[in-house]
Structures are given as structure tokens and as C-alpha cells.
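Asks: A structural model of the following input is requested.
(chains A, B, C and D)
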There are 2 protein chains.
Amino acid sequence: MPKREGTTIAGKRDPKTRVKPTLDEIAERANTSRSTVSRAFSRPDLLNPKTVAQILAIAEEIGYRPNNMARALSTGRTGNIGLLVPDIANPFFPPLIKAIQSQADALGLCLFLGSSGESGARENTLFERLAGQTDGIILASTRLSEAQVKIHAARHPITLINRDMAGLPRVLIDTQAAVMEAVGFLAENGHRHIAYLSGPKESWSNQQRMEAATEACRRTDMRLSIIPLSEPSFEGGEAAAEEAVAAGVTAILAFDDLTAQGAHARLSALGIDVPRDISLIGCDDALPAMTYPALSTLSGLSQEAGRHALKLLCDAIEHRDGSQDMKVVLGARFILRDTAGPAPAGDAKDRDRS
Amino acid sequence: MPKREGTTIAGKRDPKTRVKPTLDEIAERANTSRSTVSRAFSRPDLLNPKTVAQILAIAEEIGYRPNNMARALSTGRTGNIGLLVPDIANPFFPPLIKAIQSQADALGLCLFLGSSGESGARENTLFERLAGQTDGIILASTRLSEAQVKIHAARHPITLINRDMAGLPRVLIDTQAAVMEAVGFLAENGHRHIAYLSGPKESWSNQQRMEAATEACRRTDMRLSIIPLSEPSFEGGEAAAEEAVAAGVTAILAFDDLTAQGAHARLSALGIDVPRDISLIGCDDALPAMTYPALSTLSGLSQEAGRHALKLLCDAIEHRDGSQDMKVVLGARFILRDTAGPAPAGDAKDRDRS
DNA sequence: TTGAAAGCGGTACCAT
DNA sequence: ATGGTACCGCTTTCAA
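Replies: Next comes the predicted model:
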């Protein structure tokens, strides 16, 4: 039995003591019923305008705030949406989150955020917790298996970002064409051996990029070294850069901008100049111009992705039929800035040290 | 009246159709009462172990998930906490958010995130919305006035980050000593005229920094130009850098790292070398080593701040007495990296162009 | 146009 | 150790 502060000894409401105003309080003051007050907010058109005005006035006066949870309990709608990301500290996500957040509150929705720390297990836990208090959840770059995603999707509306699963609403940032462009650029500039710093296995984006890089290298007859990142972070990039150097490449394509920056830092520390000695290309444009020298990259589109995702999610929440197979694809492009250029002179062939 | 999918024509539950299991469903199957089932979860020690085991088994079998909102309605506790930041895209916040998020879910709490877009009005709206579904809210670098904060604090547990208001739990990152160190370093290195790029007026952090810079310059007999940023962003930094150059300074102290990077970009674009021509110092260490050349800055501590803040908030939620005036102060330090050094030779006096 | 009342899914007091 | 029951605050059908 909930104890409410603000009750007198007699157990009746003490008008002096400030408590959270409820519909009943308004009803009492307005000499009307709870139903009427409720309608004054939800369907004022059904009521006598005077009644509505009076109720609204009183509500305002005593500082009434509707109780979201009670409403949710009754309607089955929470007015909240959830967003799960692998790592909020990865610069790819903040703009995405921001876009979703701002659109959400334009729609009167509140946003629950979960950062899973790149762990599938945590992501599952967070999902369970959020599912109970949201109308739907956006899974961005999920590290969950298809099977797990399906299980969740069966219980709760879901929208995916950067994960391609038929039957679920999803928005995909397609970087394959951009990767091809980038590799093409490198090929034309005399590079013969490049590295791809590969991100998380579960990442759809990573699979796409690796695949495109492989294909592009095959076509341009370039050698490709795939170097797995220990983790998709600045530190991961540093370590991988070292391996890339050991492999003797003249250009590095990194899983994302954060790892690219890590690679850049390590290369510089090793006395290797970018782009003179080694060209470097990131992905996502997550640090737009924030880097110096400006990082070449593949365009980000995370904000657009966020907007579309929320839209799809809302649709999914409305017609729960799920009959439609919604899929939005955004095409990224290669952005040439200052970290990529011609291969070092006298390096037309491979400078592999083996 | 909530329409539940999964009811037969007769209006009774159809065991075949999957609906959200409730306490009653379990009670029915276990031939016991709702109270008992409820206790099996909350106070199993009061029950016969066999009963508990049986209930848990059934719950597991039918995939029961307690309904948070119903629980909250009854107990008055939501198990959620809110976090409001001015701009999630500002790199100072993600680490902060991450720290809070991960500690929150260690405590079994869910995190509501709001990004106000540097607008006090939006921050108020978000606060209202979150207040109804959280047990407490952390206000990070709030742009709200003291009066507004007080009003909110009167209705809902609050903890402040980087805002010093007596009576409210707060954690402060004190950068004054670090600013003094930084200015001292510049003075010793021959600088005679520096600029401070000033952030939002409402920002406590900015006030602290500006004050410290002013005082330090007074002591070291340096000239200080205070240049207000149009906004605390990369772009704001770019514009301000131009003004700093026009003022003829040899060193720039920026409100934060993001603006510092903006300044750096513009300086480079103007052909001004950092640190040869102009020294640059940021604040917050929000881009730890992510920049190249590595930005000199004041240490960040946002993660520590986040952890402390959540702790204080939980305390505030427990003993709602508010009798204690809790305040945690974290001291930042000057971190010398590659963007700050001696003033340009032959520039012992001012190179002001006026 | 309005009111009465039955829930929504739990919790916790009071009995048994 | 358990069951009955009165809430929590709001929505919505049904009747008046």
C-alpha cells in the first residue's frame, strides 16, 4: 500500500500539503466527475466548452500533470520509445541519437537510451527492460544474432538500423559503392597493396565493407590485407595500424573514423607520414572536419538514418500487422579530404618486407 | 478500455493465443492467489520454498515479465532515472552518459536521456516529461536559471553536474586551478596577449573558466581578450578563431575541446601554424588523443563526474529529507600536448595590428 | 453532455 | 504460509 506524503492524521487529503494533483482532485473542485475531467484532456470536443475551460483552468491552477504510467497501464501505450546502441562513446552514434531524440520529442515521445558496451548479452538484458516501458525499440547496429532479433521482434515492435533482415523494418546505410569508389581512387593513384581494418564480426556494416573492399581489390587487381580490430575503438585502431605497417601496405581503409584516427595516431608516432607514406580512409564521417588533417572518409548519414528509423518504428507501432516489408537504403559516398593521396614514389610494386 | 489481442470470441483468454502473461495467469495455473505469486518475486522468504519453486517454474515456462509500469503505479517507484544534457553531440557528454548508463544498469535502473539542444525551454519541457516516469533526474551542465532549477527540485529529486547551487546535490569539475596552470605556462613561454573563447552565459563551467583566466592574466600581467562564441560548437570555434587572430593574440584558450578544434581548423585554413604561430588550449579532454596534432587541454573527468552524480542521485532518492548538502568537487589539471608552446620569436611585445 | 463503474497489472495490509 | 481486497491514476464503455 503506497504511502503518500501529504495525508493528514485522519487519512484525508490535506489541502495545504502539496501532493501530486490527480484527476479526482480536479473533479472535486470542479464539481464534476473523473470521467469528465479525463475527457477534458483527451476528447474536449465531446464536452461543453465551458466545462472544458473550467477544468483546464483548475488543472493549471493546481499544477496538474497527467500520470504517464497510469495512462499507459490503461491504454497500453507508453509514449516512450527505446534506442539501443553498441557504444554511445563511438562518435557515429551521438548524431544518430540526437536526430532520433529531437524528432521523438517533436512527436511527444520520450526516449530511453541503452548502450550495450558492444555486448550481445547486455543488449538482451536492456531490451527486456526497455520492452516493458516502450511502444517500440530501435536497434542500431545491433550485435545480436538474427535468431535473437527475431525473438524480440515477435514480442515487441522493432526497427533496425544497419542490419538487413527481411520482414523487419530497417534502414541501411549502404557503403559498398563508396568503398568501391575509395578503392578505385587508391588504385588510380598507384597503390598496389592496401589493408582493411575489420570491425566486429556481428556488424552488418563491417561485413558490407569487407565484402566490397574484397571485390573492389579483386577487380583492380590489388592486394588486400584484412586486419581484424581487437575492438572498434581508438586503441583498436592503433594496434591494427602497426600490423598494417608490418604487412607493408601503402593505404589503409578503416572500419570507421574512430579506428582511423587511432591508426593515424599510431602511424604518426611511428614517424610515418599520412598521406605521404600511407593513405588513410575512414568511414561514417563521424568526425566531420573535427580532425586535422581532415580525414578522408565515407559519408555518414547517421542523422538521416535516425529520422527514417523513428518514422518506420512509428509506422510499425501503428499498424501492428507487419504486413509490409519496409526497408530504407541510404547510399554513402567517398569523401576525399587530406589523408589520402598517391602511393609513395618508387613504390609502384609492393614494398612488402617479407 | 484496452483491447487485448488474444481473446476469443467469448471474451475469455485463449490459452493458445500468446498474450502478455500476468500474475493472475500464473496464479491460476499454480492454483494459488495473486498475492502469493507477487510475493514469490518480491519476498520469497515469506513463502513455502516449494510454492516459490513451482511459481517460478510456471513463470519461466510461460515467459512471464513483470509489468514495470503497474508496479510503479502501485509502489511509487519507477526504477528509472533521467539524464538531461545540453547537446549529446558535444563530445564532452558521451563518456559522461556512458558512465551513468553503465552504472545505472548495474543498479537495475533504466536511463531516460534528453538532449535539450542548448535550449532552456526544451530542457524544461523534457524535465516535465521525464519527471513523471523517473525517480530522479540528473541535470548535466544545465542551461536553466537557478529559479527554474529550484522549482523542479522542489517537485522531484535532482542532482546537478557542473552547476553550483547550495542545497542541491551536485558534482563539480573544478577547472580553475587548471586554467591558472595553463595561463601560467603561457606566461612563462613568452606570451603577452591571449584570448579566451567564451561559451554559453548560463554555463557555470564557462563562468569558472573565464573568471580564472581573468584572474590569472591579471596576476601574470598578460593582456586578455574575451571572445564570445556564437555557440559552443566546432563552427562557433572557427568564427571565434578569426576574431582572435584579428585581436593579435599569440595563444588561445578555448571554452572546450570542440571549439578548440574548430579554432584549429580555421587557423590552419588561414595559414597560421599551431603551435608555432599561435598556441591553442582546449578544455575537457573530450577528444583524448583523438586529435592530431594532440590538443593541449584541461583534464576531463566526465566519467568520474557521472559516477558520482548517479550515486548522489540515488542517495537523494532514498532519504528524501534533503537535509544534507552534498557536493563533490573534482579537480582538473592542465595537460600539455602538442598544440601549445613558446610565443613566436620577436613577439615579446604585442603583435596587435591596430 | 455527463456520470458510474470496470478494468489495466501490481503491491501490501489485514485476516485466516 | 496464504488468500482476500483495497488501492495506484487514468481510460473507456455503457447508461442516463
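Asks: just for the stretch 51-200 of chain A, where's the confidence low?
Replies: Regions of the stretch 51-200 of chain A meeting the criterion pLDDT under 70 are absent.
Asks: for the stretch 51-200 of chain A, what spans make up the helices?
Replies: When assigned using DSSP state H, counting those that start in this stretch, the helices of the stretch 51-200 of chain A occupy the ranges A:68-75, A:93-106, A:120-131, A:146-155, A:176-188.
Asks: contacting residues for the closest residue to residue A:131 other than its chain neighbours?
Replies: Ranked by Cβ to Cβ, 6 or more residues apart in numbering or on different chains and with sequence neighbours excluded, the top spatial neighbour of residue A:131 is residue A:156, at 4.6 Å. For glycine as for every other residue, the C-beta is placed from the backbone atoms N, C-alpha and C. Shown in contact with residue A:156 (Cβ atoms under 8 Å, 6 or more residues apart in numbering or on different chains): A:127, A:131, A:134, A:136-137.
Asks: Would you format those residues as CSV with neighbour count included?
Replies: Putting the contacts of residue A:156 into CSV (neighbours: other Cβ atoms under 10 Å in any protein chain shown) gives the following:
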residue, neighbour count
A:127, 25
A:131, 19
A:134, 26
A:136, 24
A:137, 24
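Asks: Show me which pair in those residues is furthest apart.
Replies: The distance between the two most remote of these (Cβ to Cβ) is 11.6 Å, for A:127 and A:136.
Asks: Tell me which residues touch residue A:70, please.
Replies: With Cβ under 8 Å, 6+ apart, residue A:70 has these contacts: residue B:73.
Asks: thinking again about what came up before, could you report the separation of the residue nearest to residue A:131 from chain B?
Replies: According to Cβ to the nearest Cβ, to the nearest Å, residue A:156 and chain B sit 10 Å apart.
Asks: Tell me the residues of chain A that contact DNA strand D?
Replies: A:1-2, A:4, A:20, A:22-24, A:34-35, A:38-39, A:41-42, A:64, A:66-67, A:70-71, A:73-75 (Cβ under 7 Å from any atom of the strand).
Asks: quick check, stretch A:298-318 touching chain B?
Replies: No - using Cβ under 8 Å from any Cβ of the partner chain, we find that stretch A:298-318 stays clear of chain B, coming within 9.7 Å at best.
Asks: Show me which residues of that stretch are buried.
Replies: Applying a neighbour-count criterion of 16 or more other Cβ atoms under 10 Å in any protein chain shown, one finds A:298-314, A:316-317 buried in stretch A:298-318.
Asks: Could you list which of these belong to helices?
Replies: A:302-314, A:316-317 (DSSP state H).
Asks: how much space is there between residue A:145 and residue A:158?
Replies: Applying Cβ to Cβ, to the nearest Å, the value for residue A:145 to residue A:158 is 14 Å.
Asks: Neighbour count: those two, which is higher?
Replies: residue A:158 (27 against 11; other Cβ atoms under 10 Å in any protein chain shown).
Asks: Name the residues linked to the more buried one by a beta bridge.
Replies: Legend: beta-bridge partners of residue A:158 under DSSP bridges are residue A:137.
Asks: List the contacts of it.
Replies: Counted by Cβ under 8 Å, 6+ apart, residue A:158 has contacts A:136-139, A:149, A:152, A:168-169, A:313, A:316.
Asks: That one and residue A:122: what is the separation?
Replies: Per Cβ to Cβ, residue A:158 is found 17 Å from residue A:122.
Asks: Could you do residue A:84 as well?
Replies: 9 Å.
Asks: any residues in contact with both of the two?
Replies: Common neighbours of residue A:84 and residue A:122, using Cβ under 8 Å, 6+ apart, are residue A:116.
Asks: Of these two, which one has the most company?
Replies: Counted by other Cβ under 10 Å, residue A:84 and residue A:122 do not tie: residue A:84 has more neighbours, with 25 against 18.
Asks: picking that back up, which neighbours do residue A:127 and residue A:136 have in common?
Replies: By Cβ under 8 Å, 6+ apart, the residues touching both residue A:127 and residue A:136 are A:82, A:156.
Asks: which bits of chain A sit near DNA strand C?
Replies: Residues of chain A lying near DNA strand C by Cβ under 7 Å from any atom of the strand: A:1-2, A:31-36, A:39, A:46-48, A:50-51, A:70, A:73-74.
Asks: what sits against the most centrally placed residue in chain A?
Replies: Closest residue to the average C-alpha location of chain A: residue A:140 at 4.3 Å, with Cα atoms, centre = their mean. Residues counted as contacts of residue A:140 (Cβ under 8 Å, 6+ apart) are A:83-86, A:93, A:96, A:161-162, A:309.
Asks: Tell me which two of the residues you listed sit farthest apart.
Replies: Pairwise over these, using Cβ to Cβ, the maximum falls at A:86 and A:309, 15.1 Å.
Asks: Now residue A:142: closest residue in space that isn't a chain neighbour?
Replies: Leaving aside its chain neighbours, residue A:142 sits nearest to residue A:163 (5.5 Å; criterion: Cβ to Cβ, 6+ apart).
Asks: Now render the contacts of residue A:156 as CSV, adding distance to residue A:294.
Replies: Listed next are the contacts of residue A:156 as CSV, based on distance: Cβ to Cβ, whole Å:
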residue, distance to residue A:294
A:127, 38
A:131, 42
A:134, 39
A:136, 38
A:137, 36
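Asks: count of residues packed around residue A:286?
Replies: 24.
Asks: Could you verify my assumption that it touches residue A:299?
Replies: No - using Cβ atoms under 8 Å, residue A:286 and residue A:299 do not qualify as a contacting pair, with a distance of 10.4 Å.
Asks: and residue A:22, what pLDDT?
Replies: pLDDT for residue A:22: 95.
Asks: hmm, I was thinking of residue A:291
Replies: At residue A:291, pLDDT is 75.
Asks: Name the SS class of it, please.
Replies: When classified by DSSP: H, G, I helix; E, B strand; the rest coil, residue A:291 comes out as coil.
Asks: who touches it in this structure?
Replies: Neighbour list for residue A:291: A:257, A:261, A:264, B:290-292 [criterion: Cβ under 8 Å, 6+ apart].
Asks: what's the neighbour count on the residue nearest to residue A:142?
Replies: Counted with other Cβ under 10 Å, residues neighbouring residue A:163 total 22.
Asks: Please determine how far it is located from DNA strand C.
Replies: Separation of residue A:163 from DNA strand C (Cβ to the nearest atom of the strand, to the nearest Å) stands at 30 Å.
Asks: Please report phi then psi for that residue.
Replies: Main-chain dihedrals, residue A:163, degrees, to the nearest 10: phi -160, psi 120.
Asks: ok, now which ones touch it?
Replies: By Cβ under 8 Å, 6+ apart, the contact set of residue A:163 is A:139, A:141-142, A:149, A:170, A:172, A:204.
Asks: So which of these sit within strands?
Replies: Among those, DSSP state E puts A:139, A:170, A:172 in strands.
Asks: Flag every residue of the stretch 201-350 of chain A that's near chain B.
Replies: Applying Cβ under 8 Å from any Cβ, we find that the stretch 201-350 of chain A lies next to chain B at A:234, A:258, A:261, A:264-265, A:268, A:287-294.
Asks: returning to what we had before: which of the ones in strands among the contacts of residue A:163 lies closest to DNA strand D?
Replies: In terms of Cβ to the nearest atom of the strand, no member of the ones in strands among the contacts of residue A:163 lies closer to DNA strand D than residue A:139, at 28.3 Å.
Asks: Among the ones in helices among the buried residues of stretch A:298-318, which one lies nearest to DNA strand C?
Replies: residue A:317 (17.4 Å).
Asks: Touching, that closest one and residue A:157? I think so.
Replies: Yes - counting by Cβ under 8 Å, residue A:317 touches residue A:157, with 5.0 Å between them.
Asks: correct me, but residue A:255 touches residue A:198?
Replies: Yes - Residue A:255 is within contact range of residue A:198, at 6.2 Å (criterion: Cβ under 8 Å).
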